[in-house]
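Undergrad: here is a sequence together with a model predicted from it:
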Amino acid sequence: MNGGVTDGRVGRARWASAVLAALGLLAGACGTSQGTGPGTSAGTSAGTGRQSGAATVQRSSPAATAPATGGSLVAGRYQPLWPFADEKQARDWQESYRSGGHQPWHLDAERTALSFTQGFLGFTGVDQVVKRTVTGGDARVSVGIRGEGGGRPGIAAVIHLVRFGAGPDAPWEVVGTDDTTFSLTTPGYGAVVSSPVRVGGRITGVDESIRVDVRATGSARPLGERCCVAAGGDGVPWSATVTFRAAPGRTLTLVASTGGHVAKVERFAVTGVRVAR
């Protein structure tokens, strides 16, 4: 009888020890998850660059890295390229719009895409909206040039825009382009760069002449430029090295363009990077 009681107490003691050990392991696992979850996720996406799940489309605006100086990412993921340098500028516009209807074109994805193309990039000949797809706060606007002899316009680029900020009057912001036969894949989207920067991608075409500009919101002229890089073939790599001058931490728009067959600019691609501190 005493032996049975003793064995029962020993069994209960062992059971209690096992439970405590299991609880300790669970607590340790929870602590690890809280410390590494979000940070690890952001770090992984930063390494993906401009990769795409589609075979023929390379997106210039996937999940990005860290915020640009003095601002934040658009929708927590994208580099703010134009027209606003940061979320504060977007909020300031919202206030002016609510009080006096200032610059209502910021609420139109098509007009924003054309203003970016013609005003910011200076591609005045690209003056057509060929296609528009809007899903909630995300838009793709295909801009192009007039077709020869009144034919169908040719697409120069598919511009990716995202609503910047909160509310039904959050303005559209350009965050990149979706690239097909002419891509800009180096450096990766959201990468930290310094001068000189190596720029490159792939191109399909004949007798192409690629120009590269380094631009930033608030600057009327390019901060750096390189012209011209001869290229051609079927999905052939191209590359160039560009020197620029920009403040540390600033968000830059790298622009590659080609043309000269029927128009000065027939195709272009952009990506967003940040200047090293």
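TA: Received the coordinates, thanks. Numbers count the residues shown, from 1 in each chain.

Undergrad: low-confidence ranges, the stretch 101-250 of the chain, go.
TA: Along the stretch 101-250 of the chain, no part satisfies pLDDT under 70.

Undergrad: how about the helices in it?
TA: 109-115 (DSSP state H, counting those that start in this stretch).

Undergrad: can you map out the strands along it?
TA: 128-135, 138-145, 154-163, 172-179, 192-193, 197-215, 224-242 (DSSP state E, counting those that start in this stretch).

Undergrad: let's have these in CSV, adding mean neighbour count and distance to Ser72.
TA: Quick note: C-beta positions are derived from backbone N, CA and C, even for glycine. As requested, the strands of the stretch 101-250 of the chain are exported to CSV (neighbours: other C-beta atoms under 10 Å; distance: least, C-beta to C-beta, whole Å):
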stretch, mean neighbour count, distance to Ser72
strand 128-135, 14, 22
strand 138-145, 21, 17
strand 154-163, 24, 12
strand 172-179, 27, 11
strand 192-193, 18, 17
strand 197-215, 20, 20
strand 224-242, 15, 25
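
Undergrad: of all those strands, which lies closest to Trp105?
TA: strand 172-179 (9.2 Å; C-beta to C-beta).

Undergrad: summarise which helices and strands that closest one is packed against.
TA: strand 58-59, helix 109-115, strand 154-163, strand 267-275 (3 or more C-beta pairs under 8 Å, 6 or more residues apart in numbering; DSSP states H and E).

Undergrad: can you give me phi and psi for Gly100?
TA: Phi and psi for Gly100, reported as degrees, to the nearest 10, are phi -140, psi 10.

Undergrad: from Asp92, how far off is it?
TA: 13 Å (C-beta to C-beta, to the nearest Å).

Undergrad: so between the two, which is more surrounded?
TA: Taking other C-beta atoms under 10 Å, Gly100 and Asp92 do not tie; Asp92 has more neighbours (13 against 8).

Undergrad: how near is the more buried one to Ala113?
TA: If you go by C-beta to C-beta, the gap between Asp92 and Ala113 works out to 22 Å.

Undergrad: over to Asp179?
TA: 15 Å.

Undergrad: what pairs with the residue lying closest to Phe268 once chain neighbours are set aside across the strands?
TA: With C-beta to C-beta, 6 or more residues apart in numbering as the criterion, Phe268 has its nearest non-adjacent residue at 4.0 Å, and that residue is Ser257. Beta-bridge pairing for Ser257 (DSSP bridges): Arg211, Phe268.

Undergrad: Ser257 and Arg267 touch, don't they?
TA: Yes - Ser257 lies in contact with Arg267 (C-beta atoms under 8 Å); the separation is 7.0 Å.

Undergrad: before we move on, the earlier item: any idea which of the strands of the stretch 101-250 of the chain gets closest to Val273?
TA: strand 192-193 (4.9 Å).

Undergrad: quick one: strands adjacent to that closest one?
TA: When DSSP bridges is applied, strand 192-193 pairs with strand 267-275 (parallel).

Undergrad: the strand it pairs with - what's its average pLDDT?
TA: Averaging pLDDT along strand 267-275 yields 98.

Undergrad: tell me the angle of that strand relative to strand 197-215?
TA: 100 degrees (axes from the mean of the first three to the mean of the last three C-alpha atoms, to 10 degrees).

Undergrad: how many other residues sit next to Gly190?
TA: 27.

Undergrad: go ahead and confirm it touches Leu254.
TA: No - using C-beta under 8 Å, Gly190 is not in contact with Leu254; the gap is 11.6 Å.
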